[in-house]
Each structure stands twice: as structure tokens, then as C-alpha cells.
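K.L.:
can't give you the sequence, but here's the structure:
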């Protein structure tokens with residue numbers, strides 16, 4: 001009894017001393033635009049302030065049950081032999097029992113592993129004493145990448161499933177190396193070595209962890225509503241590089257939608273575009289297919305081939321595996337005069353888009369029972385072959401879920417825990433429910449009606465105004481699309497469409513992601529303006545010369561200041577500078593968040609170009625921008641720019657051994673809280689390659705208006721107001 005008591009006490013000391021808390025890694029807060037829930041995080045709630053999404057990757061430190069614990073077991077008379085099935089296997093070498101700071105990057109003594117024939121029972125370093133994770137022996141063996149287990153050139157397993165005998169997947173012993181790798185010896189004599197962090201990643205994120213590839217990244221999802229304003233927008237002539245195509249593909253995978261402008265309005269170009277990003281999916285409609293206010297070639301008919309309104313739907317839910325992505329390219333399209341947006345007298349048609357996944361998550365929270373019914377009641381979608389020559393029939397639920405439970409919601413079970421895979425929704429394709437119990441039927445139809453109402457809600461949908469040469473690309477299994485009625489004076493409208501494969505899109509994303517990570521593109525040369533003037537010193541200039549000089553500066557410098565700054569901004573494209581995105585995209589992202597956050601036009605512009613000189617000099621770039629923009633922005637925005645480098649240090653100065661709270665010395669300043677909020681909500685959060693930033697065209701008019709103000713409008717007596725050009 002005394003031996004058992006001593007054992008328990010010593011084991012408790014080991015467990016308590018090995019408890020280590022690690023700082024939580026906080027991802028950026030997205031204002032209104034909400035990332036999908038990560039594993040072990042609550043489901044998204046777009047009705048409240050979006051949660052700060054955090055994730056802790058538990059670093060593994062493990063030691064085999066030897067030394068204190070195994071010695072105590074045997075001294076208490078609890079010894080077992082290795083031949084006993086599922087017995088604890090002990091290591092006679094006490095030196096291998098302790099995992100030091102080298103193990104798994106933990107930084108202290110770690111935890112305990114119980115070794116059984118069929119499993120390792122792991123106590124993670126930062127888990128409670130009763131929290132364990134069981135690693136089945138078969139689960140470990142199938143992840144072995146030793147040369148005896150895989151084809152070394154590909155990491156593909158070289159054995160058939162039945163080649164592994166029962167002894168091959170039972171454990172004889174296990175230990176941790178000095179480097180922190182888990183070394184396992186199986187009963188057939190095979191030795192495996194596992195990277196502890198890779199094992200943890202496979203446990204935490206089984207849908208993204210990999211064994212065979214060297215790396216893999218799932219871009220995740222970004223949910224959106226009307227706050228998206230307009231889809232991420234690209235120019236067709238910029239898609240010559242893989243890096244540019246990577247940005248398009250990233251938005252298609254995360255936000256599920258984008259616009260590509262300047263696509264040559266010629267038949268067949270949409271197919272070329274699809275094959276630049278992925279590969280096309282053939283259907284009986286043809287590739288490409290035509291969307292006009294008349295039957296397509298071949299006599300196909302559809303509600304879309306009319307001037308009537310078409311409600312929100314996914315294309316072809318009646319096909320076995322509906323199309324993944326859809327492209328619609330405007331060959332002919334009406335427009336409004338002077339750049340106005342439809343509807344107008346000459347162009348009445350408006351297109352709409354809505355994030356079906358985001359709306360489904362709203363329904364999941366609002367009516368869990370109704371959500372379950374839309375996930376489980378299998379309905380029938382139909383089509384007569386578009387011309388009566390044949391038929392399509394497919395049965396599927398309105399909301400399809402992933403098979404794997406990978407998005408747990410606290411206290412939830414079943415469908416409330418599973419990620420959404422696809423939406424099947426089209427009133428024009430039927431969606432006929434089977435005969436249900438009357439009570440269940442009433443609940444089902446109520447849920448379907450509510451889902452339809454949420455899809456059509458102004459808070460969830462965005463309007464799209466297509467123009468000739470614009471291609472609209474979207475995830476057909478996620479983003480539902482609709483069209484208002486055609487106007488009487490709209491004239492000819494001709495869209496060519498194509499469907500695109502998801503698998504190749506994901507393949508290209510990973511291909512281009514790796515290439516992007518391996519290389520940094522050089523920045524473009526800076527623009528330089530030509531000099532002028534005839535006098536040799538300022539004190540010899542005449543009144544007429546200075547008046548003339550002022551006019552030249554106003555015309556060639558001040559009048560084109562927005563374009564000059566935009567050239568500098570464009571020069572920041574491509575150079576990642578060790579960051580996930582370049583400073584050009586960082587500026588767009590910061591400005592997009594500020595605009596969507598309801599900030600003033602001035603602050604949106606400041607957000608756009610706040611790091612314009614950071615690619616010229618890393619130190620004091622904020623003060624440089626504050627001085628550069630001082631004539632046109634308020635003292636509050638000047639102070640924000642001048643001090644934002646120090647304020648941003650809150651998030652990373654500690655990595656350089658510096659106090660991250662240095663900014664607190666300004667706590668009493670009237671602009672302190674404003675700058676803190678801007679850094680937290682917009683600047684530090686905007687390094688996300690998946691965020692659907694608004695196109696630059698949204699911000700150019702704002703920049704022009706800010707720079708069109710009278711110089712030093714906030715202080716008409718400022719002496720610099722009269723520099724170079726005289727007062728405005």
C-alpha cells in the first residue's frame with residue numbers, strides 16, 4: 001500500500017509539473033465577413049460581432065511509462081509480462097523515460113504514454129491529468145513512411161491492406177527520440193518513426209493533414225453577405241502569370257465568387273478562361289453554352305432563356321454530381337449612361353448572388369430542427385433534357401453535409417457538427433419531397449420557405465451589374481444566383497457559359513501556392529517625373545517664373561497626385577517581403593475592411609496607402625506617409641499614420657524581445673483609442689490571402705476626392721500652404 005501511495009504521489013508530481021500553458025494564436029478578426037468555423041470552435045454567427053477565431057496546435061511531448069510509474073507498478077506487485085494481450089509494455093532503460101525541452105518543441109518535461117499492444121494512450125503536455133488521446137496501433141502503422149512501407153519516390157504505401165498481419169499492427173514497444181520523434185516497434189519487428197507535430201496535426205485537422213505530399217494547404221472559407229458589396233475583381237490581361245491566377249483561384253475557393261473584367265467578348269473565350277484556372281466540365285448543353293432570351297442551339301429551353309425573372313438557384317441539381325463552378329461571360333449586354341448602375345431606362349436587368357453556405361449557417365443557428373430536415377429529407381430534382389428528348393432525375397437533400405465530423409459545435413451532435421458540402425436548390429428543377437408524416441412535412445416546408453426567404457434577404461445578397469467583356473465566376477454548389485426581369489429597352493443580351501472542375505482548381509491552388517512561396521517577384525521600377533525651370537537659384541526667380549512654375553506643378557504634380565500614388569501602390573505588387581501577401585494586397589484588404597466597417601472616406605483612403613513607403617524603408621514609414629498626406633488629411637489621421645508602427649508592435653514586438661505594450665505611453669492622448677481600434681480591426685488583421693478584398697476601382701474615386709481638398713484645409717494659416725504653388 002505504501003508503494004502504491006508513493007507511486008501515485010510521484011506520478012501526480014510528474015503530471016502537474018509537466019503542465020504548460022501556451023499563448024493562443026489569434027487569427028485576424030474579420031468584420032462582418034466571417035471565416036468558417038475551425039475545428040473545436042463554435043459555428044459562425046453573422047448576427048453578432050464575428051468571433052475572434054483562435055486555434056491552439058498542441059505540441060506533443062510524450063514519455064514511455066518507465067522510471068517512476070513502471071517501477072511503482074512492479075514494486076507494488078502489479079507486474080505484467082509482454083506476452084499478456086494488451087498489457088503495458090515497459091522500457092527497462094530509465095534514461096528514455098523523460099522527454100526534455102527538445103521533444104516536440106514543448107520546452108519542459110511533457111506527459112505520459114501508456115503502451116498497449118493495440119494502442120498508445122497519450123496524455124498531452126497541456127491537457128488535464130484525466131484527458132487522454134488514444135492512438136490505435138493500426139492508425140500509426142498506416143502512417144509509417146519508412147522505406148519498407150512506402151514507395152520512396154511518392155510516399156505511396158507499397159503494401160496491400162491484407163499484407164499487414166495482426167502482428168504487423170500490434171505494438172511491442174515505443175519511445176521518444178531526443179529530437180522528439182515517436183519511435184514505435186511493432187510485433188513483426190518493423191520500426192516506425194513519427195514526427196510528433198505531424199501526428200498532432202493529423203489529430204487536430206484530419207481533413208487537411210497529409211502523409212504523402214510534402215505539404216498541403218486548405219484555403220478555408222470566408223462567409224459573406226451584403227457587406228461584401230461587390231465580388232473580388234480581376235483584370236483578364238493580368239492573368240498571364242501563375243501568381244495572378246493563384247489570387248483568382250484563392251478567392252474562388254474561399255469566397256466562392258469573383259469578377260474578371262476585360263475578357264475579350266468573342267465566342268469561346270469563356271472556355272479559354274476556364275482552362276486557365278481549371279478544366280471544363282462537359283454537359284449536353286455544350287461547352288460553351290449560350291444564355292440568351294431565346295432557345296439555345298439545339299432547341300434547348302429553360303426559364304433563363306426568357307425575359308422573366310429567375311429566382312435564386314444552383315444550376316443543374318438534377319445532374320449526378322452537379323457542376324462545381326460556373327462561368328458566365330457577357331458577349332453582349334446593356335449598360336446605363338455615364339457609368340450609372342442598373343436599373344435604368346436603357347438597362348433594366350440586374351443579377352444577384354448570395355452565399356448559400358453563409359445563409360445555411362444562419363438557419364442552423366435559428367432553427368436547428370429545420371436545418372436537420374433540409375439535411376436529411378431527400379428530395380427529387382428533375383429536368384426533361386431541355387428539349388423533351390430525354391430526362392434527368394436525381395435525389396439529394398437541399399443541404400448536403402460532409403461525411404466527416406470536423407466542425408464541432410459545443411453541446412451539439414449529428415448534423416449540427418458537420419460542415420456544409422453543397423447546396424441543391426432550384427424551384428424550377430422541382431425539389432419534390434417524398435410523402436412525409438404530416439407533422440414532419442409541415443416543419444420541412446416551413447424550413448425550406450425560411451431558407452428561401454433568407455437567401456433573398458437584402459442583408460445576405462449582393463447585386464451584380466454585368467457589362468460587355470465581364471466574366472462572372474462562382475461556386476455553383478455554394479453561391480446561388482438569380483436575375484431580375486429584363487427591361488423593355490435592354491436590347492440584345494448574350495452570355496456564354498461554361499462549367500469548371502473543382503478538383504483541378506484545388507490542384508492548381510496548391511501548385512501555384514508552392515511556387516509562390518518559393519520565389520519572390522521583383523518590384524517594378526519607381527516612376528520619376530521630369531524636372532523643369534530656368535532660374536539657377538531661388539533668389540533669382542521672377543514673379544512671372546514662380547507663377548508659371550506654380551501652374552506647371554498644379555497641372556503635372558497636384559492634378560495627377562492620385563495617379564502618382566497609385567503607380568507607387570501598383571509597384572508594391574508581387575514582392576511578398578516575407579509576408580503571406582504583398583503590401584499592395586495588404587492595402588486593399590485594410591481599406592476593404594475599413595469601408596465595410598463603416599469608416600469615413602478619409603480613413604478608408606489612409607487604410608489603402610498607409611504602408612505605401614514601407615517597401616522603400618522599413619523604419620519610420622508611417623511618419624513619412626503622415627507627412628506626405630498631411631495637407632489633405634485631418635490631424636487625427638496624421639497621428640494615426642505617424643504612430644501606427646509602434647501600435648502594431650502590440651502583436652509582434654515580444655518576438656524581438658521588446659515590450660509589446662510600448663504604445664501604452666500614449667494612453668492619455670486623444671487619438672490613442674482610435675489608433676488602437678484601427679490597428680486591431682483593420683491593419684493587423686489584413687494579411688489573409690483568402691480575404692475577398694474589394695477591387696482598387698472602388699477606392700480610386702475616394703482617393704481623388706481626398707486629394708482634391710484644399711491643401712491644409714484643417715489649418716488655413718499653415719505656412720506650407722503657400723509652398724511651391726502659392727495658396728489654392
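P.N.:
Structure received. Here the structure is a predicted model, which is why all the values come from computation and not from measurement.

K.L.:
Tell me which helix or strand in this structure has the weakest average pLDDT.
P.N.:
For the chain, the helix or strand with the lowest mean confidence is strand 25-26, at a mean of 28 (criterion: mean pLDDT, DSSP states H and E).

K.L.:
Wasn't residue 259 part of a helix?
P.N.:
No: following the definition DSSP: H, G, I helix; E, B strand; the rest coil, residue 259 is strand and is not counted among the residues of a helix.

K.L.:
from what I can see it touches residue 230, true?
P.N.:
Yes: Residue 259 is in contact with residue 230 according to CB atoms under 8 Å; the separation is 7.4 Å. Every residue, glycine included, has its C-beta placed from N, CA and C.

K.L.:
More neighbours: which of the two?
P.N.:
residue 259 (22 against 17; other CB atoms under 10 Å).

K.L.:
tell me, what's touching residue 259 and residue 230 both at once?
P.N.:
464, 695 (CB atoms under 8 Å, 6 or more residues apart in numbering).

K.L.:
what residues are up against residue 325?
P.N.:
With contacts taken as CB under 8 Å, 6+ apart, residue 325 has the following neighbours: 252, 278, 473, 474, 475, 476, 499, 500, 501, 502, 505.

K.L.:
so which of those comes closest to residue 371?
P.N.:
residue 475 (20.3 Å; CB to CB).

K.L.:
give me every residue that touches that closest one.
P.N.:
Neighbouring residues of residue 475 by CB under 8 Å, 6+ apart: 252, 256, 257, 324, 325.

K.L.:
List phi and psi for it.
P.N.:
Backbone torsions for residue 475, taken as degrees, to the nearest 10, come to phi -80, psi 110.

K.L.:
Bridged to it, which residues?
P.N.:
residue 325 (DSSP bridges).

K.L.:
gap between it and residue 153?
P.N.:
Distance of residue 475 to residue 153, given as CB to CB, to the nearest Å: 35 Å.

K.L.:
Could you confirm residue 452 falls within a strand?
P.N.:
No: going by three-state DSSP, the assignment for residue 452 is helix, not a strand.

K.L.:
sorry, back to before: quick one: the contacts of residue 325 as a markdown table, columns for secondary structure too.
P.N.:
Below are the contacts of residue 325 laid out as a markdown table (three-state DSSP):
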| residue | secondary structure |
| --- | --- |
| 252 | helix |
| 278 | coil |
| 473 | strand |
| 474 | strand |
| 475 | strand |
| 476 | coil |
| 499 | strand |
| 500 | strand |
| 501 | coil |
| 502 | helix |
| 505 | helix |
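
K.L.:
could you dump these to JSON lines with pLDDT?
P.N.:
Supplementary listing: the contacts of residue 325 in JSON lines, determined by pLDDT from 0 to 100:
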{"residue": "252", "pLDDT": "97"}
{"residue": "278", "pLDDT": "97"}
{"residue": "473", "pLDDT": "98"}
{"residue": "474", "pLDDT": "98"}
{"residue": "475", "pLDDT": "98"}
{"residue": "476", "pLDDT": "97"}
{"residue": "499", "pLDDT": "97"}
{"residue": "500", "pLDDT": "97"}
{"residue": "501", "pLDDT": "96"}
{"residue": "502", "pLDDT": "96"}
{"residue": "505", "pLDDT": "97"}
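
K.L.:
among those, which two are most distant?
P.N.:
Comparing every pair within these by CB to CB identifies 474 and 501 as the most remote, at 14.4 Å.

K.L.:
Looking at those two, which is more packed in?
P.N.:
For residue 474 and residue 501, the more surrounded residue by other CB under 10 Å is residue 474, and the numbers stand at 24 against 17.

K.L.:
I'd assumed residue 324 was in contact with the more buried one.
P.N.:
No: between residue 474 and residue 324 there is no contact under CB under 8 Å: 10.3 Å.

K.L.:
I'd like the distance between the residue of the chain most remote from its centre and residue 549.
P.N.:
Among the C-alpha atoms of the chain, the one farthest from their average position, using CA atoms, centre = their mean, is that of residue 540, at 60.4 Å. Summarising the geometry, the distance separating residue 540 from residue 549, computed by CB to CB, is 13 Å.

K.L.:
And for residue 458?
P.N.:
Applying CB to CB, one obtains 53 Å for the distance of residue 458 from residue 549.

K.L.:
Neighbour count for those two, which is higher?
P.N.:
Of the pair residue 458 and residue 549, residue 549 is the one with more neighbours under other CB under 10 Å, namely 18 against 9.

K.L.:
Tell me if I'm right that the more buried one and residue 557 touch.
P.N.:
No: counting by CB under 8 Å, residue 549 sits too far from residue 557 to count as a contact (10.6 Å).

K.L.:
Need the three-state assignment for residue 291.
P.N.:
Put simply, residue 291 is strand when judged by three-state DSSP.

K.L.:
For it, which non-adjacent residue is spatially closest?
P.N.:
Spatial nearest neighbour of residue 291, excluding adjacent residues (CB to CB, 6 or more residues apart in numbering): residue 495 at 4.1 Å.

K.L.:
so which helix or strand takes in the one you found?
P.N.:
Element membership for residue 495 (DSSP states H and E) is strand 494-500.
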